[in-house]
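A.B. asks: After the sequence you'll find the predicted model.
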Amino acid sequence: MTEHKIRIEDHSGNIYYPHTKGDVVFTADGQSIEQKVNIHLAESTTHDGFVGGYKILPNFTNFNDLITVGNYQGVYSTAKINEPITTGTNRRVIIAVESNATALTQRLQYIDFGNDRGRIFYRSRVDGNWGNWIEIARKSELDTHINKSVVNGGVHGFETEKGSFTPSLLNGSYTYTAQVGRYIRQGNLVFVNIWIQLSSITTAGSGAIIIEGLPFVPAHYNGAVYPATIAEMRNVLIDITNKQVGARITSDARLNFQITQNNAGPEQLQYSALTSITRIDVSCVYEI
């Protein structure tokens with residue numbers, strides 16, 4: 001059918017165009033002009049100053065469930081399950097969920113989160129399993145920790161952050177004489193000292209001894225681990241004949257301990273080796 005544009009001209013040369021309503025004029029995709037305008041207005045209210053098709057963040061409680069491809073922005077007040085940062089309120093975020101031939105990815109940017117404003121995290125989902133969050137950018141070279149001090153300038157212009165943390169044994173219930181953790185951070189290197197000393201054991205842990213509470217998650221490349229130096233391990237039940245105790249940092253910011261033997265693979269140091277007066281002093285350097 002031939003389509004014509006119509007105009008009306010009177011005897012004085014005045015030109016008139018017929019008027020109609022948007023709900024009866026249609027575009028090639030079958031939608032009316034009114035529908036197109038309403039969609040555009042609805043999308044523009046979700047942008048909130050952003051450009052590029054951001055959608056209102058859907059209602060969800062676990063980041064592992066956010067798998068619909070798209071770009072989202074929104075605000076929520078408390079942390080979600082499997083979120084990289086679990087403290088603070090007024091979590092204003094942009095989230096991009098993307099897919100390629102082998103993996104689904106999430107990119108999370110904190111827009112307005114107090115001292116953590118501007119941090120960006122990234123992770124991938126392969127064969128249905130989400131990997132660890134990796135921090136790829138932040139507002140400065142420093143993270144924000146309680147009980148810290150910052151010195152500007154430093155070595156070659158690096159800012160130096162100093163602070164404290166509370167190390168503890170992951171499993172079991174203990175009373176501590178000392179739980180001392182100190183760190184110094186320069187750029188992407190962290191220097192950590194830990195001193196743990198027990199005064200009693202309420203409930204002994206099971207399995208391998210693990211100390212948690214390190215201030216930063218280490219960067220692990222191709223399964224590499226960071227060794228730690230044991231300065232002192234006192235009052236532990238270990239047969240050290242032809243054996244050596246070592247420590248290393250795991251990918252989830254924890255310390256575990258291994259016993260190396262002659263002509264045999266390492267074995268984990270167990271909680272059963274602890275006594276009510278055990279003391280452990282460890283230092284380590286690792287990249288984040």
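C.D. replies: Nice, thanks for sending it over.
A.B. asks: three-state assignment of residue 23?
C.D. replies: helix (DSSP: H, G, I helix; E, B strand; the rest coil).
A.B. asks: Verify the contact between it and residue 36 for me.
C.D. replies: No: with contacts counted by CB atoms under 8 Å, residue 23 stays clear of residue 36, the gap being 10.8 Å. Where C-beta positions appear, they are placed from N, C-alpha and C, glycine not excepted.
A.B. asks: any idea how far residue 33 is from residue 20?
C.D. replies: Here residue 33 is placed at a distance of 9 Å from residue 20 (CB to CB, to the nearest Å).
A.B. asks: Over to residue 57?
C.D. replies: Distance from residue 57 to residue 20, counting by CB to CB: 39 Å.
A.B. asks: Those two: who's more crowded?
C.D. replies: Counted by other CB atoms under 10 Å, residue 57 and residue 20 do not tie: residue 57 has more neighbours, with 17 against 9.
A.B. asks: which residues sit in contact with that one?
C.D. replies: Residue 57 sits next to 72, 73, 74, 75, 76, 93, 95 when contact means CB atoms under 8 Å, 6 or more residues apart in numbering.
A.B. asks: So how do I select the buried members of the residues you listed in PyMOL?
C.D. replies: Per 16 or more other CB atoms under 10 Å, the buried members of those correspond to this PyMOL selection:
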select buried, resi 72+73+74+76+93+95
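A.B. asks: Just put the contacts of residue 57 in a markdown table and tack on distance to residue 258, secondary structure and pLDDT.
C.D. replies: Formatted as a markdown table, the contacts of residue 57 follow (distance: CB to CB, whole Å; DSSP: H, G, I helix; E, B strand; the rest coil; pLDDT from 0 to 100):
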| residue | distance to residue 258 | secondary structure | pLDDT |
| --- | --- | --- | --- |
| 72 | 43 | strand | 88 |
| 73 | 45 | strand | 86 |
| 74 | 45 | strand | 85 |
| 75 | 45 | strand | 85 |
| 76 | 41 | strand | 84 |
| 93 | 39 | strand | 87 |
| 95 | 39 | strand | 91 |
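A.B. asks: okay if I get the contacts of residue 57 as TSV plus distance to residue 266?
C.D. replies: Formatted as TSV, the contacts of residue 57 follow (distance: CB to CB, whole Å):
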residue	distance to residue 266
72	45
73	47
74	47
75	48
76	44
93	42
95	41
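A.B. asks: tell me which of the contacts of residue 57 is nearest to residue 111?
C.D. replies: Nearest to residue 111 among the contacts of residue 57: residue 93, at 6.2 Å, using CB to CB.
A.B. asks: Quickly list what residue 193 is bridged to.
C.D. replies: Beta bridges link residue 193 to residue 182, residue 283 when assigned by DSSP bridges.
A.B. asks: Relative to residue 253, how far out is it?
C.D. replies: The spacing between residue 193 and residue 253, counted by CB to CB, is 15 Å.
A.B. asks: what does residue 264 give?
C.D. replies: Per CB to CB, residue 264 is found 29 Å from residue 253.
A.B. asks: Which residue of these two possesses the greater neighbour count?
C.D. replies: The neighbour comparison of residue 264 against residue 253 (other CB under 10 Å) goes to residue 253, with 15 against 10.
A.B. asks: Give me the phi and psi for that one.
C.D. replies: Per-residue torsions, residue 253: phi 60, psi 50 (degrees, to the nearest 10).
A.B. asks: Now it. Nearest residue, chain neighbours left out?
C.D. replies: In space, and not counting its chain neighbours, residue 253 is closest to residue 214: 4.2 Å by CB to CB, 6 or more residues apart in numbering.
A.B. asks: can you count the residues close to that neighbour?
C.D. replies: Residues near residue 214, counting by other CB under 10 Å: 23.
A.B. asks: That one in helix, strand or coil?
C.D. replies: Secondary structure assignment for residue 214 (three-state DSSP): coil.
A.B. asks: Residue 34 too?
C.D. replies: Classified using three-state DSSP, residue 34 is helix.
A.B. asks: separation between it and residue 27?
C.D. replies: In terms of CB to CB, residue 34 sits 11 Å off from residue 27.
A.B. asks: where does the stretch 51-200 of the chain have low pLDDT?
C.D. replies: For the stretch 51-200 of the chain, the stretches with pLDDT under 70 are 51-53, 88, 112-117, 138-159.
A.B. asks: Could you count how many residues lie near residue 207?
C.D. replies: Using other CB under 10 Å, residue 207 has 12 other residues around it.
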